[in-house]
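Asker: coords please:
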Amino acid sequence: MSNAMLDVTKEIKIDHDNVRDLFDRFKVATDLKVKAILANTLVHEMTIHGDAEEASVYNDYSALGLGGTADHNKEEHAEIKRLVLEAGKASVDKPEYDSVIERAVTTFLTHAKEEEDEQHPIMRAQLSPQDSDKLARAFLKARKVVPTRPHPNALHSGGIAQKTAGVAGNLQDKAVETVTGRDFADLRFAHPEI
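Answerer: Numbering: from 1, shown residues only. Now for the predicted structure:
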C-alpha cells in the first residue's frame, strides 16, 4: 500500500502508456490468439480508464477552470466507448479486425495526447500536492469499481449516479469475463497499491 504522495497526472498517464504499449504489441503480433488477448486487454483498459476519469477526475475540472473541457472530454469518451464496443465485438478471424481495433485505439490515443499536452500542465499548476494525491487516489479507487467492458449508453456524467451504475456494471462484466474465459495480457506499467 502506497503512503507516498501521488500525482494524478502520472496515474492517468500510466493508463495511456499501457494502451500505447499494448497497441504496439498488437500491431506486431502475428498469432491470432495473442492478437485476441491483446485486443481484449486494450478494450478492458480503455474502458476502465475512461469510466474512472469520468467518475473521479472530471468532477474536479470545474474548480480548475476546465469545466468546458470536462464536457468536451465526456463527449470524446462517448465516441471512444462506441468504438471500443465495436472493437470488443469484433472477431479476430475477420479481415476488418485490425482496422476496428486500430480505430478505437487511435481515437483513444488522440484524446490521451490532448489530455497530456493541454490539460495535465494546467492540473499540475492548479492542484496542490495534497489535492493531486487525493484526486489520484479517487481515480485509482474508481478503477477498481467501474465497468470493465464498454457500456456506451450508460451514464457518463460523473458523480454518484455513474459510480452506482458502474459498480453494477463491474460485477456483470467480471461475471461475463469469467464465464467466457477471457484472457488478458500483462501490463507493462503498474499503479501503486492504495
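Asker: and the gap between the most centrally placed residue in the chain and residue 126?
Answerer: In the chain, the centroid-proximal residue (C-alpha atoms, centre = their mean) is residue 49; its distance is 1.7 Å. Residue 49 is 22 Å from residue 126, where distance means C-beta to C-beta, to the nearest Å. All C-beta spots, glycine's among them, are computed from the backbone N, C-alpha and C.
Asker: and if you look at residue 103?
Answerer: 33 Å.
Asker: the helices in the protein, which residues?
Answerer: Ranges of helices in the chain, per DSSP state H, are 8-28, 32-55, 67-89, 97-114, 120-126, 129-145, 159-180.
Asker: tell me who's in contact with residue 102.
Answerer: The contact partners of residue 102, taken as C-beta atoms under 8 Å, 6 or more residues apart in numbering, number zero.
Asker: mind showing which ranges of the chain have poor pLDDT?
Answerer: Scanning the chain for pLDDT under 70 picks out 1-2, 151-181.
Asker: distance to residue 194 for the helices of the chain - can I get that in a markdown table?
Answerer: What follows is these, written out as a markdown table (distance: least, C-beta to C-beta, whole Å):
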| stretch | distance to residue 194 |
| --- | --- |
| helix 8-28 | 10 |
| helix 32-55 | 13 |
| helix 67-89 | 23 |
| helix 97-114 | 22 |
| helix 120-126 | 19 |
| helix 129-145 | 5 |
| helix 159-180 | 17 |
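Asker: compare those helices and give me the one nearest residue 186.
Answerer: Ranking those by proximity to residue 186 (C-beta to C-beta) places helix 32-55 first, at 8.6 Å.
Asker: residue at max distance from the center of the chain?
Answerer: Centroid-distance maximum for the chain: residue 95 at 26.4 Å, with C-alpha atoms, centre = their mean.
Asker: can you pull the contacts of the residue nearest to the centre of the chain?
Answerer: 12, 15-16, 19, 143.
Asker: could you measure from residue 25 over to residue 69?
Answerer: Computed with C-beta to C-beta, the distance linking residue 25 and residue 69 is 31 Å.
Asker: apologies, that question was intended for residue 107.
Answerer: 17 Å.
Asker: repeat for residue 97
Answerer: 34 Å.
Asker: okay, how far is it across stretch 92-102, tip to tip?
Answerer: 13 Å (C-alpha to C-alpha, to the nearest Å).
Asker: do the same with stretch 50-68
Answerer: Using C-alpha to C-alpha, one end of stretch 50-68 lies 17 Å from the other.
Asker: list the buried residues in it.
Answerer: 50-61, 64, 66 (16 or more other C-beta atoms under 10 Å).
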